[in-house]
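# Coordinates for the following, if possible.
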Amino acid sequence: MGVISLQSFLENRKINYKEKKVTLWIDISKEVFLKNIVCLYQELLYPLVTHGVKVKIKDDPFTYANLTISPLLLHTNKDAIRMQLYLEAWYRLLKMPLVKLERKEKFPIEDLNKEQKRAVRKLKGAVLLLAPAGSGKTKTLVNRVYALLNKGVNPSQILVLVYNKKAEEEITMRLQNTKGVEVRTFHSFGHELLKRYTDYEFYTEDPKELSLALLERVLSKFHPVVYTSEKDPFKSFYEKLSFIKNNLLSKEDMVFEIDHEKIDFYPIFNSYMEELKEEKLYDYDDMLYLSVCLLLKKASLREKIQKQYAYLLVDEFQDLNPLQLQLLELLALPLNHLFVVGDDDQMIYGFRGASVKPILSFQKTYPGAKVVKLVTNYRSSKRLVYHARMFIEHNLARTPKEIKSFSQELGKVEIKIGKDWMEEAKAIVPMIESISPHETLAILYRYQEYGAFLKLFLGFQGYYPLEMPLYFDKLFKVLSFFLEPFDSKRAHDIVDFFHLPLKIKVTSFEEFFKIYFDIPFKKVYELLAKEKISFRRFCLLLKVKPSFFFEESCWIEKFISYFGGVKALYELSKQKQKGAFDNVLLETIHKTKGNEFDHVIYFHMAPPQEVEFLEEERRISYVALTRAKKSLLITTDLDSYNKYVRTYFENEKYQDEQKDSLLFKKQTLNQEIAFKEKKVALLLKDQQTIKRSFLYEINEEKDAYYQRQNQTIEALEEQVEKDKEALFETEEECSIRGLKEQFKYDILKGEKGSAQDEKG
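Got it, this is the predicted structure:
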């Protein structure tokens, strides 16, 4: 039996797995032991036990006991929580019997590529599956469940945690033949814990109203709230409360500026939680927060849940906030059979507390973890995958990945540069008209404001259902008074809009114009009957500023002008729609994460205003760019193109090469590919000829010959694939070198990536 000194281990971090039995000699102080408990557990005890080594402890300074952990530590000392959890795991792992699983071949494993197979096969310990867009992450996760079941794992011990309801429904449907495997969102899992193990109730009527009511009660003790008609005085406090819970803010970080006043939120937060405890109610955020508190306080329940769900699978790991990560750590111990699927390049929920750090530091958190990278994109065509990869490689805080397209279709990429939103919007119409009814098109945008503009622009032309928003409500009500037959109700609205004194009830335009002569209503009426009037002139005649109709009018005037003036726009709104395209979706990038479409238009791709948000903005753009399967159209302005969008097309590897050298390289690669393909064909022919004409007396000689030949052929074929990839890159770079940025449209286009110059 070998002996391992903990002091010696902490100095050299080496383990000998040859011994069947090992004694761990705790020759360090309690303080040093506790300080290093996570390291000692992850790098010493856990590897020994999982390798089947029997472990005994010498000079143990502690006696095992289930630990009650105060939830207050979530905001005062999270390191103490981790230390106590790992101390508990240390003793539980020592006592845990070695369970042999009985192999059961029941669920057929689907056809997987070599990386997917590697991820599926490692069934114990922590695994990080880095799954770029379109790489088959859900397929891999589902087959991982099948592999666990085939190995003999009880279905009730498998818990799949997903980010949202849509993912829960998709994975549940794909696992419908596996009874007992639980698939839940994080919130529904927390909800179930609270329902089963507490007397708290979810406030179903309006969870947010519950929080606001409790906040109002709490704030009356600490902070006077000023009620105004303009805004909800509790909204800011509610947002801060949610932020504290989801990000597990420290006590020191709970100081916020609200309405130009610094407020210490820690006593408000504690008082709020006491009120919640008294009412025994919880809202949506509390589903997770209170379930984490429950598992910390109740050690026996913690142990029960950890035993019940010994195998954890987690989808969209990159989107988890600190509260969700804390729940995950609680559930995974002591075995850490944790399979997480994520992509740091698609982390776009930084505003909710998500970060790329948990992925980048995964092997530091779980030292024995295996990292598997999926490298094949099954969704998008070759050109789309190539340029998206080049674009995201500009980020520094990421894990390098060599992503390649499974498809041999080149696909189509276009960029159209306009001087404003109107020009960009006009540029997308041809693509909308060109798609066939059985294809899908998504028009993606960064902010809701862009969406409001696009829905109006396309709605007025019949490409999208025209839902008249508040933008035009006031303008169209004023126009309806002048352009429709006289109506006393409309006349009353005009009096209200312009804050005119109500004199007598009028029954005709003549009476109205006579009474309210201070504003040239009559002239407006006559001009609208005869000619087009611009929005600016319309406002001048009515003696109002554009802001009278629109709070934000930066694009409104150009919009109205494009459609022929205020009268033309009003009449267009009344016309019967051409019929909306059912296969066209307009949505924010965040809302379409996880979806895919035949064609994608990325409207107004632009850099962030603050440089510190550049990497997250690039991730958001990357998510949009990788939704497309066949073609992509990017619209932008020239300044955004030069500062941000151009990196989507540029391969830094070729930046120092002249175009002539690239053309020579292209020629050389074509010759190399032709030569190697011919050589492969000759070797295959040679194999067949020898097989027919030569009889081997010794089978070993025949096998050795074919093995050597096959190795040569495989090596040549691999070289051909690399040459073809290099040729594709070179051709793409040659195409881009011919582009001129001042061209307004068609920066990159067509099956061969040739530049299309706009004439005139």
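
# if I read this right, E102 contacts V153, doesn't it?
No - using Cβ atoms under 8 Å as the test, E102 is too far from V153 to be in contact (10.0 Å). For glycine as for every other residue, the C-beta is placed from the backbone atoms N, C-alpha and C.

# Between these two, tell me which one has more neighbours.
Legend: neighbour count by other Cβ atoms under 10 Å for E102 and V153, higher for V153 (20 against 6).

# Can you pull out the low-pLDDT segments for this protein?
For the chain, the stretches with pLDDT under 70 are 1, 65, 226-231, 468-470, 552-553, 576-581, 689-703, 737-760.

# can you map out the strands along the stretch 401-550 of the chain?
Remark: strands assigned in the stretch 401-550 of the chain by DSSP state E, counting those that start in this stretch are 404-405, 412-417, 441-445.

# need those in JSON lines with distance to I560 and mean neighbour count, can you?
Listed next are the strands of the stretch 401-550 of the chain as JSON lines, based on distance: least, Cβ to Cβ, whole Å; neighbours: other Cβ atoms under 10 Å:
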{"stretch": "strand 404-405", "distance to I560": "44", "mean neighbour count": "19"}
{"stretch": "strand 412-417", "distance to I560": "23", "mean neighbour count": "23"}
{"stretch": "strand 441-445", "distance to I560": "21", "mean neighbour count": "24"}
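
# So for I673, which of the ones you listed sits nearest?
Closest to I673 of the strands of the stretch 401-550 of the chain is strand 404-405 (Cβ to Cβ; 17.2 Å).

# got the contact list for the closest one?
For strand 404-405, contacts defined as Cβ atoms under 8 Å, 6 or more residues apart in numbering pick out V375, T376, N377, S380, S381, K382, L384, V385, Y386, E725.

# hmm, 6 Å instead?
Residues from elsewhere that reach strand 404-405 (Cβ atoms under 6 Å, 6 or more residues apart in numbering): N377, K382, V385.

# Which secondary structure state is assigned to the last one?
Secondary structure state of V385, per DSSP: H, G, I helix; E, B strand; the rest coil, is helix.

# circling back to that earlier point, which one of the strands of the stretch 401-550 of the chain lies closest to F237?
Ranking these by their distance to F237 (criterion: Cβ to Cβ) puts strand 441-445 first, at 31.0 Å.

# Tell me how far that closest one lies from the chain's centre.
Average the C-alpha atoms of strand 441-445, do the same for its chain, and the two points are 16 Å apart (Cα atoms, centre = their mean, to the nearest Å).

# can you check stretch 386-401 too?
Distance of stretch 386-401 from the chain centroid (Cα atoms, centre = their mean) equals 15 Å.

# what do you get for stretch 103-121?
Relative to the chain's own centre, stretch 103-121 is displaced by 27 Å; criterion: Cα atoms, centre = their mean.

# Go through that stretch and flag the buried ones.
By 16 or more other Cβ atoms under 10 Å, the buried positions in stretch 103-121 come out as F107, I109, L112, N113, E115, Q116, R118, A119, V120.

# my guess is L219 is in a helix, correct?
Yes - assigned with three-state DSSP, L219 falls within a helix.

# got a list of what it touches?
Contacts of L219 (Cβ under 6 Å, 6+ apart): V225.

# same check, this time on G136
Listed by Cβ under 6 Å, 6+ apart, the contact partners of G136 are Y378.

# List phi and psi for it.
Per-residue torsions, G136: phi 80, psi 40 (degrees, to the nearest 10).

# For V38, see how far away it is.
Taking Cβ to Cβ, to the nearest Å as the measure, G136 and V38 are separated by 34 Å.

# Next: K629.
44 Å.

# between these two, who's got more neighbours?
Taking neighbours as other Cβ under 10 Å, K629 and V38 compare with K629 leading, 22 against 19.

# can you tell me how far that one sits from K139?
17 Å.

# Just the buried residues of stretch 274-286, please?
Buried, per 16+ other Cβ under 10 Å, within stretch 274-286: L276, L281, Y282, D283, Y284, D285, D286.

# what's the answer for stretch 497-514, then?
Taking 16+ other Cβ under 10 Å as the criterion, stretch 497-514 shows F497, F498, V506, F509, F512, F513 as buried.

# Need the single longest helix in the chain, by residues.
Secondary structure of the chain per DSSP state H: the longest helix is helix 699-737.

# Who does the longest strand along the chain pair with, and is each partner parallel or antiparallel?
Longest strand in the chain, counting residues (DSSP state E): strand 628-636. Strand pairing for strand 628-636, determined by DSSP bridges: strand 412-417 (parallel), strand 597-602 (parallel).

# residues in contact with that strand?
Outside of strand 628-636, the residues within contact range by Cβ under 6 Å, 6+ apart are 379-381, 384, 411-417, 424, 427, 431, 596, 598-605, 645.

# Report the distance from it to the chain centre.
Strand 628-636 sits 18 Å away from the centroid of its parent chain (Cα atoms, centre = their mean).

# tilt between that strand and strand 441-445?
Put simply, strand 628-636 runs at 40 degrees to strand 441-445, going by axes from the mean of the first three to the mean of the last three Cα atoms, to 10 degrees.

# any idea which helix or strand comes after strand 628-636?
helix 638-643 (DSSP states H and E).

# which of the residues in the following helix or strand past that next one are buried?
Next in sequence after helix 638-643, counting helices and strands by DSSP H and E, comes helix 659-693. Residues L662, K665, K666, L669, E672, I673, K676, V680 are the ones in helix 659-693 that count as buried (16+ other Cβ under 10 Å).

# The second one - nearest residue in space that isn't next to it in sequence?
It refers to K665. Spatially, and ignoring its direct neighbours in sequence, K665 is nearest to T730 (5.3 Å; Cβ to Cβ, 6 or more residues apart in numbering).

# what's the distance between the residue nearest to A369 when sequence neighbours are not counted and L313?
Counting by Cβ to Cβ, 6+ apart, A126 is the residue found nearest to A369 once chain neighbours are left out, at 3.8 Å. Distance, A126 to L313, by Cβ to Cβ: 12 Å.

# Strands of the stretch 251-400 of the chain, start to end?
Applying DSSP E, counting those that start in this stretch to the stretch 251-400 of the chain gives strands spanning 255-258, 261-264, 281-282, 311-314, 337-342, 370-373, 376-377.
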